[in-house]
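# quick one, what's the 3D model for this:
(3 chains)
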Amino acid sequence: MDVSELLNGLNDAQRQAVSSPLGHLRVIAGAGSGKTRVLVHRIAWLLAVENSSPYSILAVTFTNKAAGEMRSRLEEMLGYALSGFWVGTFHSICHRMLRAHHERVNLIRDFQILDRDDQVRLIKRIMKAHDLNEDFIKARQAVNIISGYKEQGKRWADLDHQTFNPVEKQILFLYEKYETHCRENSLVDFTELLLRTVELLRDDELIRKHYQSRFRHILVDEFQDTNDIQYAFIRLLSTAETDLLVVGDDDQSIYGFRGARIEHILDLEKSYPQLKSIKLEQNYRSSGNILNAANAVIAQNQERLGKDLWTEAGEGELIEVYQSINEYDETYYVTERIKSHVESGGLYNDVAILYRSNAQSRLFEEALLAESMPYRIYGGLRFFDRAEVKDAIAYLRLTENHHDDVAFDRIVNVPTRGIGTRTLDVVREVATSQQLSLWQASEYVLANQLLPNRASQALGGFITLINSLFAEKIPLGEYMKIVLDGSGLINYLKSKKVEKREDKIENLEELVNAATQFALRLDEEDKPDAVSLFLAQAALDAGETQASEFSDYVQLMTLHSAKGLEFPQVFIVGLEEGLFPHSESASIAEQLAEERRLAYVGITRAEKKLHLSYSEKRRLYGETTYPRPSRFIEEIPHTVLHYARGGPDHLRRQQISKGRGQSLREQTEGGVKLGQNIIHPKYGEGTITAVEGEGERQRIQVNFVEHGSKWLILAFAKIEMK
DNA sequence: GACGCTCTCATTTTT
DNA sequence: TGAGAGCGTC
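Below you'll find the model as predicted:
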């Protein structure tokens, strides 16, 4: 490959990063500054210029998507597929290491991975077995706290046990039971993958040295999101001789709540005194006004490495701000703007609606639906998280390992086969008292005839079923199909009036498909492990929520999930104190700083046009609130803003809302009637053809003489003057 | 085992 | 307000 090709088309800073001498390098990559490009070019540089072997390179990301993208962009650039090169998420890399050294860490080779849901179920079971209720602590909270300890590298034995606080006591108790259960059954949760690997590298000098000498080059993406245990992992793998490149943006650190520590990137030189640092500040995504807004907002934060984004593109359009009357009016504003965007030839696909919390999506969904605009909400359940898929996977798990209690618990009575709580209580009782797996306990219960006849039959039937599903040496796809047919899951769905049952059946068929595809992609040496590798992948990569990029729809998502994406038109909605910044975060300086970084992330998603909106009035948890506009709007220089409605001037705000609402309100006073004629300020004359909803949710369909049929939101008309 | 009632609770989430 | 969990009833 031609070396000049590696540097052509890069700016100075990017070029410096790509061609930097081997050593410890931190690249602070602002939003839209070509971060992935630098990573990919750097790896190509290592291969072509430094003559490094792919085998000596480790690239770590946070998501499977990012890992996949890195590999495919690299291979596209090189023109061939790389083997021996490790690129993956922290979790998948640790999984790989643990599998390779499973005996050393006391795991069976095909150890199972517990996801969040499995963990909660397990904790619930432990609580039940010990007659604990959720008064002190909810199972879900307990899981969070235990995971938090693990993220800090703290085992049960490392904790302070001198506590009289009943909540803490209970957590300690649960942690111990949970840890024991996982250890005895070779179960590993997400954090455990990291923790166990870190302990392995820490305690086993031989293995540590092996990886240290193998991975001469380590690259880490999104470094600002590393938590303590991930940081420890990188620290253990990299020595003074390692060529370490970390890429990240301290201003985009938005995952503090799940253990990410921004200090890892801020204070990296404390661990690596030779550290060099390069900033990428030229932005290739957004127009000048948008960058000005982003720079101004983030400048309010202390504790930054400090950078300012700039662009060679012009100022672009002003940022449009809309102060809505209420939350329905806000959706009206957004859909109207989208409508005109599309009418002037734009795509729905250009548009993203970003909000702070998921609950906000509902109203936008309703509005888009009413307007027949195509949309897609991100962040719903992923493929492998869907209940029916997890059920099917649980069959596979239990078939592979009869002592997988989590799987057993999940499907013993799915589809229903007459194994009720009473039967299970007996089984669990035996399992607890005799220290048996649920499977063994079932066998014991059956052998000793501890159950009434009918229950015995049902339980026996289940055991026989699972035994009969065990099949060796048939292709994974077919195996999956046998499991689905044999388990009766598909028939069960077909026979019932389950909601969205067509989708569910389709998902199960897709699962067979996924299994088949997975097996086809496996290397020859991995084929014997197809089932367990498939199970691992199902746990570690929950599958895309994203549909094909060829369809055209408005995209709705939280600000968090928008990170890394870009859109020509962005709406950030609900910019109100209490919502964004969220009330839970507003009073703690650190958390407020993180909210501000989130605003920065949101603003920098926009390429051409950014819309910001907030509402004068909003119903929240069943109560009417009159929030103040978000401080983040005030932090943006007024010169880049254009108020479509409202504004910093309160008087003006009132006048506009009065003027705008009155005509419709006057016309609809005393109730709305079908057939009634009205005059709309924008659409002119029309006749009401349908009325829907009540109060502020009331909507009318009007057939306009010149513009045809439209839905209007009547809340618009009901302005209460304060 | 399905249904309906009451109660509780309310960010952000990848692996 | 409204979603989801838990509980009691048929």
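
# how far out from the middle of the chain is the strand or helix carrying A:D118?
Taking DSSP states H and E as the criterion, A:D118 maps to helix A:116-129. Centroid separation between helix A:116-129 and its chain, computed with Cα atoms, centre = their mean, to the nearest Å, is 23 Å.

# what's the answer for stretch A:162-170, then?
Distance of stretch A:162-170 from the chain centroid (Cα atoms, centre = their mean) equals 33 Å.

# before we move on, back to that, any bit of the helix holding A:D118 sitting next to DNA strand B?
Yes. Contact of helix A:116-129 with DNA strand B (Cβ under 7 Å from any atom of the strand) involves A:R116. To be clear about C-beta, it is placed using only N, CA and C from the backbone, and glycine gets the same treatment.

# give me the contacts around that helix.
Residues outside helix A:116-129 that contact it (Cβ atoms under 8 Å, 6 or more residues apart in numbering): A:114, A:132-134, A:139-140, A:142-143, A:146-147, A:174, A:177-178, A:181, A:187, A:189-190, A:385, A:390, A:405-406, A:409-410, A:428, A:432.

# now, which of those residues lie within helices?
Under the assignment DSSP state H, the contacts of helix A:116-129 contribute A:139-140, A:142-143, A:146-147, A:174, A:177-178, A:181, A:190, A:390, A:405-406, A:409-410, A:428, A:432 to helices.

# in contact with the closest residue to A:P166 other than its chain neighbours, which residues are there?
Closest residue to A:P166 apart from its sequence neighbours, by Cβ to Cβ, 6 or more residues apart in numbering: A:F136 at 5.7 Å. Neighbour list for A:F136: A:166-167, A:170 [criterion: Cβ under 8 Å, 6+ apart].

# check the gap between A:F136 and A:E168 for me.
Distance check for A:F136 against A:E168: by Cβ to Cβ, to the nearest Å, it reads 9 Å.

# what of A:A294?
Using Cβ to Cβ, A:A294 is found at 42 Å from A:E168.

# higher neighbour count, those two?
Taking neighbours as other Cβ atoms under 10 Å, A:A294 and A:E168 compare with A:A294 leading, 28 against 17.

# in which helix or strand does the more buried one reside?
Using DSSP H and E, A:A294 sits in helix A:288-298.

# now the element after that helix, going C-ward?
strand A:319-324.

# packing partners for that next one?
Using 3 or more Cβ pairs under 8 Å, 6 or more residues apart in numbering; DSSP states H and E, the elements in contact with strand A:319-324 are helix A:288-298, helix A:327-343, strand A:606-615, strand A:641-645.

# wait, doesn't A:P629 sit right on A:G578?
No. Between A:P629 and A:G578 no contact is recorded; they are 10.9 Å apart, counting by Cβ atoms under 8 Å.

# of those two, who's got more company?
Legend: neighbour count by other Cβ under 10 Å for A:P629 and A:G578, higher for A:P629 (20 against 17).

# count of residues packed around the residue nearest to that one when sequence neighbours are not counted?
Excluding its sequence neighbours, the residue lying closest to A:P629 (Cβ to Cβ, 6+ apart) is A:Y614, at 4.9 Å. A total of 25 residues lie near A:Y614 under the criterion other Cβ under 10 Å.

# what residues does the stretch 101-250 of chain A have near DNA strand C?
A:124, A:134.

# and the residue of the stretch 101-250 of chain A closest to DNA strand B?
A:F190 (3.5 Å; Cβ to the nearest atom of the strand).

# I figured that residue hits A:T89, correct?
No. Contact criterion Cβ under 8 Å: A:F190 and A:T89 do not qualify, at 10.2 Å.

# where does chain A get nearest to DNA strand C, residue-wise?
As assessed by Cβ to the nearest atom of the strand, DNA strand C sits closest to A:G622 within chain A, at 2.6 Å.

# you'd agree A:E388 is in a strand?
No. With DSSP: H, G, I helix; E, B strand; the rest coil as the criterion, A:E388 is assigned helix and is not in a strand.

# what separates the residue lying closest to it once chain neighbours are set aside from A:V120, distance-wise?
In this structure, A:E388 finds its nearest non-sequential neighbour in A:K504, 4.5 Å apart by Cβ to Cβ, 6+ apart. Counting by Cβ to Cβ, the gap from A:K504 to A:V120 is 22 Å.

# now A:A44
With the distance defined as Cβ to Cβ, A:A44 ends up 43 Å from A:V120.

# same check, this time on A:L275
40 Å.

# okay, these two: which has more neighbours?
A side-by-side neighbour count of A:L275 and A:V120, using other Cβ under 10 Å, places A:V120 first with 18 against 15.

# what's across from A:D243 in the sheet?
A:H217 (DSSP bridges).

# returning to that earlier point: give me the pLDDT for the residue nearest to A:P166.
We have a pLDDT of 78 for A:F136.

# where does it sit: helix, strand or coil?
Relying on three-state DSSP, one would call A:F136 coil.

# ok, residues contacting stretch A:365-380?
With contact meaning Cβ under 8 Å, 6+ apart, stretch A:365-380 is reached by A:328, A:331-332, A:334-335, A:338-339, A:342, A:348, A:358, A:361, A:364, A:545-547, A:551-558, A:561, A:699, A:711.

# buried ones among the residues you listed?
In terms of neighbour count (16 or more other Cβ atoms under 10 Å), the buried residues within those are A:328, A:331-332, A:334-335, A:338, A:342, A:348, A:361, A:364, A:545, A:553-558, A:699, A:711.

# which residues of the stretch 151-300 of chain A lie near DNA strand B?
Contact residues (Cβ under 7 Å from any atom of the strand) of the stretch 151-300 of chain A with DNA strand B: A:190-191, A:255, A:257-258.

# and which of those is nearest A:K307?
Nearest to A:K307 among those, counting by Cβ to Cβ, is A:Y255 at 19.9 Å.

# quick check, the closest one in contact with A:T226.
No. A:Y255 lies out of contact with A:T226 (Cβ under 8 Å); the separation is 9.5 Å.

# longest helix of chain A?
Chain A, longest helix under DSSP H: helix A:501-521.

# now that one: mean pLDDT?
For helix A:501-521, mean pLDDT is 87.

# and stretch A:380-391, by the same measure?
Averaging pLDDT along stretch A:380-391 gives 86.

# so is that stretch next to DNA strand C?
No. Counting by Cβ under 7 Å from any atom of the strand, DNA strand C is not contacted by stretch A:380-391; separation bottoms out at 9.8 Å.

# for A:P568, pull up the helix or strand it's in.
Per DSSP H and E: A:P568 is located in strand A:567-572.

# so that strand versus helix A:327-343, what angle?
Here the directions of strand A:567-572 and helix A:327-343 differ by 170 degrees (axes from the mean of the first three to the mean of the last three Cα atoms, to 10 degrees).

# quickly check: the very next helix or strand once past strand A:567-572 near DNA strand B or not.
Toward the C-terminus, strand A:567-572 is succeeded by helix A:589-603 as the next helix or strand (DSSP H and E). Yes. Judged by Cβ under 7 Å from any atom of the strand, helix A:589-603 and DNA strand B are in contact via A:591, A:595.

# can I get helix A:589-603 in CSV, CA atoms only?
The C-alpha trace of helix A:589-603 is given here as CSV (Å, rounded to 0.1, in the frame of the first residue of the first chain):
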residue,chain,number,x,y,z
ALA,A,589,-22.1,20.0,40.4
GLU,A,590,-20.5,16.9,38.9
GLN,A,591,-23.8,15.7,37.6
LEU,A,592,-24.8,19.1,36.2
ALA,A,593,-21.5,19.1,34.3
GLU,A,594,-22.4,15.8,32.8
GLU,A,595,-25.8,17.1,31.8
ARG,A,596,-24.0,19.9,30.1
ARG,A,597,-21.8,17.5,28.3
LEU,A,598,-25.0,15.8,27.2
ALA,A,599,-26.2,19.1,25.8
TYR,A,600,-22.9,19.5,24.0
VAL,A,601,-23.3,16.0,22.5
GLY,A,602,-26.8,16.8,21.4
ILE,A,603,-26.0,20.1,19.8
